[in-house]
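Novice: Provide a 3D model corresponding to the input given below.
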Amino acid sequence: MSLSIPSHKFLLDENVKRELLKFLKNKGFDVILPPKSAPDPNVASISKKERRILVTNDEDFSHYGKDEIFSIVWLNIPQNDSKALITSFEKLLESFDEFSGKLIVLKPGKWDEFMLNGERAG
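Specialist: A predicted model of the protein is given here:
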């Protein structure tokens, strides 16, 4: 996927560093934040209804199924390492195109891909 033609829509959980919000907006992506202190089921519902990829630091979302949430990128990167976050996310966007129904566990410089039912993808 080319970053010059953004097609994915993102929902950034309130626990995600704002540097990622700025990065995605600067790349032209459609990015929103959920209402402040929204319960997890409401956040999942927004993701599903609007076909948005939820980006979160919250492991709780990894238990949601594809009938409850569109897609998840679970950030497994130290909170204080904004550079690793941006670099790893950019690498993911350059290499990965089909997010629907998937849980992506993003780590520094790499990721693991699972179906939302818990099975390993690929």
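
Novice: residue contacts, Leu24?
Specialist: Phe10, Leu12, Val31, Phe89 (CB atoms under 8 Å, 6 or more residues apart in numbering). C-beta coordinates here come from the backbone N, C-alpha and C atoms, glycine included.

Novice: report the separation between it and Leu93.
Specialist: 9 Å (CB to CB, to the nearest Å).

Novice: next step: the contacts of Leu24 restricted to helices.
Specialist: Among the contacts of Leu24, the ones falling in helices (DSSP state H) are Phe89.

Novice: for the contacts of Leu24, give me TSV that also has pLDDT.
Specialist: Shown next, in TSV, are the contacts of Leu24 (pLDDT from 0 to 100):
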residue	pLDDT
Phe10	98
Leu12	98
Val31	97
Phe89	96
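
Novice: top of the contacts of Leu24 by neighbour count?
Specialist: Within these, most neighbours by other CB atoms under 10 Å means Phe10, with 24 neighbours.

Novice: quick one: the residue lying closest to that one once chain neighbours are set aside from Ile104, how far?
Specialist: Counting by CB to CB, 6 or more residues apart in numbering, Phe10 lies nearest to Val31, which is 4.6 Å off, once chain neighbours are set aside. Distance of Val31 to Ile104, given as CB to CB: 16 Å.

Novice: same question, Ile46
Specialist: In terms of CB to CB, Ile46 sits 18 Å off from Ile104.

Novice: Lys66 now?
Specialist: For Lys66, the distance to Ile104 - CB to CB - is 14 Å.

Novice: what about the strands in the protein?
Specialist: 9-12, 30-32, 53-56, 71-75, 102-107, 110-115 (DSSP state E).

Novice: not counting the first one itself, show me its contacts.
Specialist: Counting contacts by CB under 8 Å, 6+ apart, the residues outside strand 9-12 that touch it are 20-21, 24, 29-34, 43, 46-47, 50-56.

Novice: recalculate using a threshold of 6 Å.
Specialist: The contact list for strand 9-12 (CB atoms under 6 Å, 6 or more residues apart in numbering) reads 21, 24, 29-33, 46-47, 52-55.
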